[in-house]
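Participant: give me coordinates for this.
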Amino acid sequence: MDNEKKARWEAAGIDVETAFARFMQNESLLDRFMNKFLTEKSWDGLVAAVDADDMENARPAVHTFKSCCATLGFTRLNELAVSQESRMKADDWAGAKAMMPELVAEHDKICAAITG
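Facilitator: From the prediction side, this is the model:
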């Protein structure tokens, strides 16, 4: 893997070694999935549901999103999504909504690292 890209990804909080291992040391496959993340529908669904105060659709969106984050080694973003999902399960909608600025900032940081 290109050292510059690896350093950029690691600086953004991506667990590159874990992600690389999950994708069987296949850099082109990992790159393909990283780039697919940029248009991840569960993220769009989560943002739209939270904006619309639609907890019913936010729950499955955050569940799917956290799985994508875990698979790709986005440790902090995964932790935030897990926490948000827990709040939703506890019917703490206000708390779940309040997490969105931090989720958006972390998501943007990851996307910037992927696009270089």
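
Participant: could you say what helices and strands the lengthiest helix in the chain packs with?
Facilitator: For the chain, the longest helix by residue count, based on DSSP state H, is helix 55-72. If contacts are counted by 3 or more Cβ pairs under 8 Å, 6 or more residues apart in numbering; DSSP states H and E, helix 55-72 sits against helix 16-22, helix 27-37, helix 41-51, helix 75-89, helix 93-98. C-beta: built from backbone N, CA, C; applies to glycine.

Participant: what is the rounded mean pLDDT of that helix?
Facilitator: Averaged over helix 55-72, pLDDT sits at 97.

Participant: also stretch 108-116?
Facilitator: Mean predicted confidence for stretch 108-116 is 97.

Participant: between the helices and strands packed on helix 55-72, which one is nearest to Gly116?
Facilitator: Closest approach to Gly116 among the helices and strands packed on helix 55-72 (Cβ to Cβ): helix 27-37, 10.7 Å.

Participant: what about this protein, any weak spots by pLDDT?
Facilitator: The chain contains no residues with pLDDT under 70.

Participant: same thing but 90
Facilitator: Scanning the chain for pLDDT under 90 picks out the ranges 1-2.

Participant: and the most centrally placed residue in the chain, what does it touch?
Facilitator: Nearest to the geometric centre of the chain sits Cys69, at 4.0 Å (Cα atoms, centre = their mean). When contacts are counted by Cβ atoms under 8 Å, 6 or more residues apart in numbering, Cys69 touches Leu77, Asn78, Ala81.
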